[in-house]
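Peer 1: Below is the sequence, then the predicted model.
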Amino acid sequence: MKTLNFNQYHKYILTIVLICFTIAANLAWLNPHPNSKVHKITENIPFFWQYNDDAGVQILTTAYFPKIFHTYKDRMERPTFPIIAKVLGEIAGVVISPVKKLSQLEKAGAGILLLKILIFSIFSIISFEIFSKVMSKEYAFFSVFLFLTHEFTIK
């Protein structure tokens, strides 16, 4: 069996992250939770529907940062995620602007998605690097794979 080098493992890890985020974005197709409260991005197409009660507040906190803290004072103690997501969303808005002008909420959604993919990618690669110091690269990769494909991570 051919042994992969570290860069190949990193590519596989990043691919798994993107596959997991694609599954998560389409989770409502697989398990629509008809009796649950849902934050719908589109009314008829269950794409990026969110079942987490915090999802609505999170996108508002990102879209209307920092003014929203006057309304949601409990979020004031956690400004890092919304400010980073807002910056990423603004960058995405500039990049996409020749094709489509995004609303503040759309930019916030893009920023949150980009930040989550970035966090999962960095964490997974760092975990792989740490695990590979104490176990074989194959087991280290499998450990990261198990983390990324866990039900909690997908949801």
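Peer 2: Everything's here; your move.

Peer 1: where does the chain have low pLDDT?
Peer 2: In the predicted model of the chain, residues 1-6, 28-57, 69-70, 72-77 satisfy pLDDT under 70.

Peer 1: Pick out the residue closest to the middle of it.
Peer 2: residue 116 (3.0 Å; Cα atoms, centre = their mean).

Peer 1: and it, what is it in contact with?
Peer 2: By Cβ atoms under 8 Å, 6 or more residues apart in numbering, residue 116 lies in contact with residue 21. No exception for glycine: its C-beta is placed from N, CA and C like everyone else's.

Peer 1: That one is in what secondary structure piece?
Peer 2: Element membership of residue 116, judged by DSSP states H and E, is helix 104-134.

Peer 1: how far away is the residue nearest to the centre of the chain from residue 95?
Peer 2: As judged by Cβ to Cβ, to the nearest Å, residue 116 and residue 95 stand 18 Å apart.

Peer 1: so what secondary structure elements neighbour the next helix or strand after the helix holding residue 116?
Peer 2: Per DSSP H and E, the first helix or strand lying C-terminal to helix 104-134 is helix 137-148. With contacts defined as 3 or more Cβ pairs under 8 Å, 6 or more residues apart in numbering; DSSP states H and E, the packing partners of helix 137-148 are helix 6-25, helix 104-134.
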